[in-house]
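>>> no sequence for this one, just the structure:
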């Protein structure tokens, strides 16, 4: 597979265009499990060289956290999700609040998945001013800024409400006051069938209705892939993805 350049909109450009075909949805559920791996040499990763707030941000160049690889080049922090489901699809999923913290001039966590409509807790653990900007990268409405807020001191915390997005939406979190390397992404889903790969590149989507589904994977530095998969309701269905740097 030819490696695609990371495009912030890519996750959302395809989400509405495809609809999963569900056969016998009421007849059972199953899990989808797999691993995401990089084949070939890793791409070059940008470095960070802070130009201000050296006591907190450091003064030595370091690589960004945009690509984290495990054993045998498994890929961490890949978003894996299904498409074609309406808002408030039923299944066992979490509606817990999500947290975006700022520690050592980085957003923590860098990548996460949230359900539509849950609270967003914005925190600052650094004893310096951070200005946070959150943009929706939805291709339906175009890129738009949802929030720009100052977090002026260590221990600052404020709760916001994520919009009740009716389609999968990628939110990009950036700095608005000179810490241009700071970045994070939040995938907001109107249903529970989404996951992040762990440190070993593994993922599991649980309690997926029986039928044929379209599954996507997205990574900020490697791009996106998609595949159709059928869930039969008998244990786990396995699907692995291989990003490639071959041209």
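Alright, I've got the coordinates. What you see is a predicted model; the values in this text were computed from it and never measured. Residues are numbered from 1 along each chain as shown.
>>> who does residue 188 bridge with?
The residues listed as beta-bridge partners of residue 188 by DSSP bridges are residue 114, residue 169.
>>> so how far is residue 83 from it?
With the distance defined as C-beta to C-beta, to the nearest Å, residue 188 ends up 13 Å from residue 83. Heads up, the C-betas are built off the backbone N, CA and C, glycines and all.
>>> which residues are common contacts for these two?
Among the neighbours of residue 188, those also in contact with residue 83 (C-beta atoms under 8 Å, 6 or more residues apart in numbering) are residue 168.
>>> Who has more neighbours out of the two?
Set side by side, residue 188 and residue 83 show more neighbours around residue 188, with 25 against 21, by other C-beta atoms under 10 Å.
>>> Pretty sure the more buried one sits against residue 114.
Yes: contact criterion C-beta atoms under 8 Å: residue 188 and residue 114 qualify, at 5.2 Å.
>>> Give me the common contacts of the two.
Taking C-beta under 8 Å, 6+ apart as the contact criterion, the common neighbours of residue 188 and residue 114 are residue 162.
>>> Tell me which other helices or strands the longest strand anywhere in the chain touches.
Ordering each strand of the chain by length in residues (DSSP state E) puts strand 29-39 first. Taking 3 or more C-beta pairs under 8 Å, 6 or more residues apart in numbering; DSSP states H and E as the contact definition, the neighbouring helices and strands of strand 29-39 are strand 202-209, strand 211-219, strand 223-231, strand 236-238, strand 241-244.
>>> Quick check: buried residues in the last one?
Within strand 241-244, the residues scored as buried using 16 or more other C-beta atoms under 10 Å are 241, 243.
>>> Show me what it is packed up against.
The criterion is 3+ C-beta pairs under 8 Å, 6+ apart, and the helices and strands that strand 241-244 contacts are strand 29-39, strand 223-231.
>>> repeat that with 6 Å
Secondary structure elements in contact with strand 241-244, counted by 3 or more C-beta pairs under 6 Å, 6 or more residues apart in numbering; DSSP states H and E, are strand 29-39.
>>> chain center to the strand it packs on, what's the gap?
Strand 29-39 sits 16 Å away from the centroid of its parent chain (C-alpha atoms, centre = their mean, to the nearest Å).
>>> same question for it, mean pLDDT?
Confidence over strand 29-39 (mean pLDDT, whole number) is 96.
>>> How about stretch 47-56?
Here the mean pLDDT over stretch 47-56 is 91, rounded to a whole number.
>>> got a list of contacts for it?
Residues lying outside stretch 47-56 but in contact with it, judged by C-beta atoms under 6 Å, 6 or more residues apart in numbering, are 57, 58, 61, 62, 63, 64, 105, 126, 128, 178, 181.
>>> Look up how far residue 47 lies from the second one.
If I follow you right, that is residue 58. When distance is defined by C-beta to C-beta, residue 58 is 12 Å away from residue 47.
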